[in-house]
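Colleague: Kindly generate the corresponding structure for this input.
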Amino acid sequence: MPYWEGFLWGVVGGLLVEAAGIYALRRQAPDTWPRWTHMKSYWLITLGLGIPGGGLVVVVYLAAHIAMTPILAANIGATGPFLAETGTRAAFQKVEPSDRIAPE
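Modeller: Residues are numbered from 1 along each chain as shown. Alright, predicted model coming up:
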């Protein structure tokens with residue numbers, strides 16, 4: 001699979017994850033949706049990092065000469081939004097002194 005095709009399948013996987021999150025809100029009235037659904041910054045970060053990140057993860061797999069099918073590429077691409085979320089959460093997490101490992 002060429003890199004560009006893997007990237008596109010990875011982006012499809014990332015889009016499906018985001019669509020599933022929005023789909024989960026379908027039975028709620030739009031005025032009761034979480035605040036993030038109305039924030040431009042959320043959508044910019046999601047479209048700029050989370051979804052393309054899935055495509056980049058697939059490209060890394062392809063660069064490592066790992067055989068890829070479209071369904072596998074989309075599945076791996078679905079991890080992009082999760083990687084972006086956990087990466088940013090870890091980067092901005094405040095470490096309390098009690099969270100540190102005590103020397104033995």
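Colleague: Can you give me the pLDDT of the spatially most central residue of the chain?
Modeller: Nearest to the mean C-alpha position of the chain, by C-alpha atoms, centre = their mean, lies Pro81 at 0.7 Å. Reading off the confidence values, Pro81 has pLDDT 75.
Colleague: Which helix or strand in the protein has the lowest average pLDDT?
Modeller: Least confident element among the helices and strands of the chain, by mean pLDDT, DSSP states H and E: helix 79-91 (a mean of 73).
Colleague: what about Gly48, distance to Gly80?
Modeller: With the distance defined as C-beta to C-beta, to the nearest Å, Gly48 ends up 11 Å from Gly80. Quick note: C-beta positions are derived from backbone N, CA and C, even for glycine.
Colleague: just Glu5 next, same as before
Modeller: For Glu5, the distance to Gly80 under the criterion C-beta to C-beta works out to 16 Å.
Colleague: more neighbours, those two?
Modeller: Higher neighbour count among Glu5 and Gly80: Gly80, with 27 against 14, using other C-beta atoms under 10 Å.
Colleague: which residues sit in contact with that one?
Modeller: 10, 13-14, 17, 50-57 (C-beta atoms under 8 Å, 6 or more residues apart in numbering).
Colleague: mind checking how far the longest helix along the chain is from the chain centre?
Modeller: In the chain, with assignment by DSSP state H, the single longest helix is helix 3-23. With C-alpha atoms, centre = their mean, to the nearest Å as the basis, the distance from the averaged C-alpha position of helix 3-23 to the chain average is 9 Å.
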